[in-house]
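>>> Below is the sequence, then the predicted model.
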Amino acid sequence: MTHNGTPPRAASAAIYPGSFDPMTIGHLDVIERAASIFPRVLVAVVVNPQKREPLFTLDERKQMIIAATKHCGNVDVTDFRGLLAGFVKQIGAGVIVKGLRVVSDFENEMATALMNRSLSGVDTVFLPSDPRYSFISSSLVKEVFFLGGEIEHYVPEAVLQVMRAKRAILRPTEPTEENRPS
Ligand code: PNS
C-alpha cells in the first residue's frame with residue numbers, strides 16, 4: 001500500500017500507446033526494451049489517430065504488432081478510443097511508455113506527459129530511440145514504400161508482408177509487356 005492507502009501501481013502493466021500506421025522497427029525496439037523493464041507491456045493502438053485517416057485498418061495494425069511481438073512473452077495488444085488518460089485509468093495501467101526519437105519530440109511529449117499525469121495520476125517513462133532507428137517513422141516508411149523504395153530494414157517482416165499486400169490492392173495491375181495498352 002502507498003502512504004494514502006491505495007494499491008501501488010508499479011507492478012501493473014506499462015501501456016505503450018500509438019497509431020502504429022504501421023509499426024516500425026523503432027516501435028518494436030521500444031516494445032522489446034519496455035518488456036525487459038516492466039512485468040507486462042500493453043501496446044494500445046489508437047482507433048482514430050488525430051493526424052489523418054490511417055492507411056491500415058485497426059485490425060491490420062493490431063495483427064501486425066501481434067505477429068511482430070510473438071517472441072515477447074509479456075506483451076499484449078489492445079486498442080482504445082478517445083482519451084488515453086481515461087483508458088489508462090480504466091485498465092489500471094501503472095505507467096505510460098513513450099519513445100523519443102529526436103530532441104524536438106521532447107517538447108510536445110513533455111506537455112502530453114504532464115497532461116496525462118494530471119488527468120490520470122499515471123506517469124510517463126520516456127525511452128530514447130536507438131540511434132540506428134531515430135530517423136525511422138511510420139509516415140516516412142509509407143512514403144518511401146509507395147514511391148518504390150526498399151523498406152525491409154525499417155519494418156518487421158510481418159509488416160513488410162502486409163504492406164506488400166496493401167500495395168497490390170491499391171495498385172492491382174502494374175503494366176507489363178503483356179497487358180500494356182498499345
Ligand atoms: O503514434 P502516435 O501517432 O505518435 O501516437 C499518438 C497517441 C495515440 C499516443 C496520442 O495521439 C494519444 O494519446 N491520443 C489519444 C487522445 C488523447 O488522449 N489526447 C490528449 C493527450 S494529453
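Alright, I've got the coordinates. The structure displayed is predicted, hence computed values, not measured ones.
>>> burial count for residue 77?
Residue 77 is flanked by 22 other residues according to other Cβ atoms under 10 Å. Backbone N, C-alpha and C define where each C-beta goes, glycine included.
>>> swap that for residue 32, please
Based on other Cβ under 10 Å, the number of other residues close to residue 32 is 15.
>>> So which residues on the protein come close to the ligand?
17-19, 46, 49-50, 83-85, 112, 115-116 (Cβ under 6 Å from any ligand atom).
>>> tell me which of the residues you listed is nearest to residue 126?
For the residues of the chain next to the ligand, the residue nearest residue 126 by Cβ to Cβ is residue 112; the value is 10.8 Å.
>>> Next, the buried residues of the host helix or strand of the closest one.
In the assignment (DSSP states H and E), residue 112 maps to helix 103-120. For helix 103-120, a neighbour-count test (16 or more other Cβ atoms under 10 Å) marks 105, 113, 116, 120 as buried.
>>> Go through these and name the one nearest the ligand.
residue 116 (5.3 Å; Cβ to the nearest ligand atom).
>>> in stretch 90-101, what's buried?
Quick answer for stretch 90-101 (16+ other Cβ under 10 Å): 93-101.
>>> Farthest pair within these?
So, the buried residues of stretch 90-101 by Cβ to Cβ: farthest apart are 94 and 101, at 24.0 Å.
>>> Can you show me the helices along the chain?
25-37, 58-68, 84-91, 103-120, 138-146, 157-170 (DSSP state H).
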